Each structure stands twice: as structure tokens, then as C-alpha cells.
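Peer 1: sequence below, structure please.
(one chain, ligands or ions: 1)
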Amino acid sequence: HELWWKRRNLPPGPCPVPVFGNLLSLNYPPPGYEAFEKWTENYGPVYTFWIGNTPHIMINTFDKLKETFVRDGDAYVDKKNPPMLQLFRGGEYGVMDTNGAKWREHRRFALTSLRDFGLGKNLMQEKILIEVQDVFRKFDENEGSETDVAIIFDNAIANVINQLLFGYRFDEAKQDEFVALKKIIDAPQDVFGKFHMFLAMNVPIFRKILPNAIFEQPDRQLANMCLDLWFAGLSTTTNTTTWAIGYILNKPKIQQKLHEEMDLVIGSDRIITTAEKNALPYMNAVINESQRCANLVPLNLQHATTRDIVLDGYHIPAGTGVVAQISTVMNDKQVFTDPEVFNPDRFIDENGKLRKVEELIPFSIGKRQCLGEGLARMELFLFLSNFFNRYQISPSFSGPPSLIKNSGTVIAPRVFSAIVRKRH
Ligand code: HEM
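Peer 2: Okay, the predicted model is just below:
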């Protein structure tokens, strides 16, 4: 039944094992890119991947993603949530794990609110630049000594999202609150990042070990919405920033080229704004390549078909799991030569301009594409360009940071410290 009957009408894919499906393969080696790549080579752009005992149709190339998640977007828009998640949230609340009219209304509300709070205008930039100055203050204080880079950016990026959600930032007087809040936010993140908890979420037999709903608030929609924006907005942006610095510490020549561009275009330690974004192609290429190599979600969020579809001749019933497998697209050898190499030059054309590569899709594609993309792009540019304009960063005495990835839902770099020195 498990090995043949249930699979007979689905696109071919790796053979699942009872209870775990294909999940165990993602740990050999973690975080699973290689398994997904091998399956794409073996079965083509569409195959079936089993999460526990639930089949998911994986879409693994950019062309197939356009044909499905973009051109037929409505059919792929629902989320397929493990029942465990409803227990954890106290029901179907928030924006990330809701469907239908509720999802549409709250996604629109979140996007409009981001716009009203100044995204696309100078207001949001001003808020981020206050944090850039605070980051400067902290690095200046630690100049010449070993510093945990991620902690400083994490506080700053949390301030941006907290300003938006609750109207204040975690300044010196509010550090205790920040630490306490981080503990609460990181607890589920740590837990869900663990491979055994990932199994517990997806393999029914393990469900009994997780606690019941943690949300007791009367307004669960509001609480879950805040959780979604905090959760989705903080670790993704901090991890990308920290990965970028980690990759650069492993390739000093790239930092040298960044500094040459900064000296030519900016020429002092003044603050850089988004108005200068187009004048800094190499900086943008470094950000692009950092997002591609960080490849934060080895297995993208799981969607479900909203109606029966026919895909490559297979009849897929409504409610079947479908995944826009962006990590495989961003490692596609046909598009990105030597995908394992950190090489920002792949985004620079023969005239030294930024090259648009449409297969770079770290924010995913289709109707559920990341709703914080505009904010995240602004943060990445302002934090990283201003950081590299002001500082020279070098590895700590123990050498450049490890780039090895652990398993997890959003892949964080290993903790490292480095030494910064002002350039001007
Ligand atoms: C570098 C930073 C970020 C990356 C790489 C990233 C990536 C992603 C990805 C891959 C998805 C899944 C899309 C899908 O279902 O296929 C997503 C969804 C989402 N992201 Fe982001 N994200 C980032 C920053 C942010 C920020 C700053 C916010 C909030 C302000 C945010 C809020 C969300 C929300 C709410 C969703 C769910 C959208 C929905 O289901 O309609 N993200 N993001």
C-alpha cells in the first residue's frame, strides 16, 4: 500500500520509507540540497516527495515554476499545514498559515500597512538608517577586538520590525525586554529548526510529544499576525546579512573589490542611501550572490492545490501538497556555473553593470511570494553597503567562519566573531 498503491498515480520520485517518507534523506548531508538536486536529475523538474505519509509535488526548475505557480497561480496558492501547527497557533490564524478569504484579507492588510508605514517612501529608509547608525556605534565601540557580528545586526533588524509593529525600538534601556522577547521568539525557532522536531511536525506518530496551543490571548489573529511578521522578518534578514559577511571573510578579494567600488562612487564615510543603489553594481551583486548561496530554505514552505490539476499528464487532486522548490532552482548548474562557489561576478555583465538573472528567487514566486521582500531588500542594501563602506572586516584569531550548514527550516550560519576597523 505505502510503496506502490499510494504512489501509483503520482509523478515518480524517490521511494519513501514508512512513517518518515523521504525526510531522512535530507540529513545525508544536511540541509538536503544534494538530495533534492539528485532527485531532480533522476526524475526531472516534477517529482513526488513524501513528508511523513503525505505526498508533495516538487516543482524544481524556473520554467516549470512559471508554468505552475505563476501562470496558474490560483491553483497553487493554499498552504498545506500539518495539523500540529493549528495546535501550536491555537487555530488557523495569522497570514503565513491561513488560506482563502482570511489569508487574502490579512496579506492585503499587511502589504498596505507596510506601504503606509513608509515602504517605497523615505520614511522606512529613515527608520532603517537610525539602526545603521546604532550598528556603527556598537562596532566603533568594539573596534579592533573580536565581535559577534550576528548579535549586533540581529538587534538592529529586530528594531526595524518592532518599530513597524509596536512603534518603538529596543534601545539601551529596553535591552532586557529585547533579550526576553528574543528568548520567546527563538524558542520555537530553535525547536522547529531541529530535525527531530521537523519530523514531529510532519510524522503523525510523533505529534503527541508537542505541547498544546501556546496562544491563550483573546485576539489570536492579532497575536499570530505579529508572530508571523517577527518570525518571518527577523531571522531571514539577519541570517542573510551574517551569511554575506561570512562568505566575504572567506574571500578577501571580494571585500577589496567592494571597497574599490565604495571609494570610487562614495569616497567618504558618509551614509549611503537607496538613491545610490544603482551606482553600486558590485555591492548589489554581492547581496544577490549572498542570497543565492545562503539559500535559506532548503525545503520551501508547503502549499496545496486549490483544485484538481493536470501536471505533465498526471492528475493531481485538489488539496495535494505542492512546493516551489526554490533552493534547487538557485543551485541549478545550467544557470549558475559551479553553484557551490560564492562568485558575485556571475551577476555582473560584460559592461560592468548588474545582470538580472530571473532564476534568483530567494523570496519565492507566485501569489505567496514573500510579503516582506521590499523591506528585506531595503534592509540588506542599507546595512551591508554602509557596513562595507565604513569598515574593513577581518577573520578572528581562529580563522574565517565555517560555511558548513546544519539542518533546519531557515538555515543560520554558525556563530562566529570577527574584527572590524574603520576605513576612513
Ligand atoms: C532576506 C529576507 C527574507 C527572505 C529570504 C524571505 C523568504 C521568504 C520565502 C521563501 C517565503 C515563502 C514563500 C512561499 O510560500 O513560497 C516567505 C514568505 C513570507 N515572508 Fe519572507 N523572507 C524574508 C524577509 C521577510 C520580512 C522582512 C518579512 C516581514 C516583514 C517577511 C514576511 C513573510 C511573510 C508574512 C510570508 C508569508 C506570505 C504568505 O503566505 O502570503 N519576510 N518569505
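
Peer 1: which is the next helix or strand following the longest helix along the chain?
Peer 2: In the chain, taking DSSP state H as the definition, the longest helix is helix 220-249. Sequence-wise, the next helix or strand downstream of helix 220-249 (DSSP states H and E) is helix 252-265.

Peer 1: and the residue of the stretch 51-200 of the chain found nearest the ligand, what pLDDT?
Peer 2: The ligand sits closest to residue 96 of the stretch 51-200 of the chain, with a gap of 4.2 Å, by Cβ to the nearest ligand atom. For the C-beta atoms, the positions are set from N, CA and C on the backbone; glycine is no exception. Looking at residue 96, its pLDDT stands at 95.

Peer 1: report how many residues lie close to residue 332.
Peer 2: Neighbour count of residue 332, defined by other Cβ atoms under 10 Å: 15.

Peer 1: mind checking the SS state of it?
Peer 2: At residue 332 the chain is in coil, as set by DSSP: H, G, I helix; E, B strand; the rest coil.

Peer 1: quick check, pLDDT for the residue nearest to it when sequence neighbours are not counted.
Peer 2: Nearest residue to residue 332 in three dimensions, chain neighbours excluded: residue 359, at 6.4 Å (Cβ to Cβ, 6 or more residues apart in numbering). pLDDT for residue 359: 98.

Peer 1: doesn't the residue of the stretch 51-200 of the chain closest to the ligand lie inside a strand?
Peer 2: No: counting by three-state DSSP, one finds residue 96 to be coil, located in no strand.

Peer 1: doesn't residue 232 make contact with it?
Peer 2: Yes: between residue 96 and residue 232 there is a contact under Cβ atoms under 8 Å: 6.4 Å.

Peer 1: where exactly do the strands run in this structure?
Peer 2: 46-51, 54-59, 78-79, 146-148, 303-304, 309-311, 314-316, 321-324, 391-395, 417-422 (DSSP state E).

Peer 1: verify the contact between residue 418 and residue 391 for me.
Peer 2: No: counting by Cβ under 8 Å, residue 391 is not a contact partner of residue 418; they are 9.8 Å apart.

Peer 1: looking at these two, which has the bigger crowd around it?
Peer 2: residue 391 (22 against 19).

Peer 1: what residue in this structure comes nearest to the ligand?
Peer 2: For the chain, Cβ to the nearest ligand atom, closest residue to the ligand: residue 372, 2.1 Å.

Peer 1: look up how far residue 241 lies from the closest residue to residue 254 other than its chain neighbours.
Peer 2: Spatial nearest neighbour of residue 254, excluding adjacent residues (Cβ to Cβ, 6+ apart): residue 248 at 5.3 Å. For residue 248, the distance to residue 241 equals 11 Å [Cβ to Cβ, to the nearest Å].

Peer 1: the two: which is more packed in?
Peer 2: The neighbour count for residue 248 versus residue 241, taken as other Cβ under 10 Å, is higher for residue 241 (27 against 23).

Peer 1: hang on, the earlier thing: the residue of the chain closest to the ligand and residue 232 touch, don't they?
Peer 2: Yes: in terms of Cβ under 8 Å, residue 372 counts as a neighbour of residue 232; the distance is 6.3 Å.

Peer 1: what is the neighbour count of the residue of the chain closest to the ligand?
Peer 2: Neighbours around residue 372, by other Cβ under 10 Å: 21.

Peer 1: check residue 262 too.
Peer 2: 23.

Peer 1: state the phi and psi torsions of residue 319.
Peer 2: phi 90, psi 0 (degrees, to the nearest 10).

Peer 1: contact partners for it?
Peer 2: 80, 304-305 (Cβ atoms under 8 Å, 6 or more residues apart in numbering).
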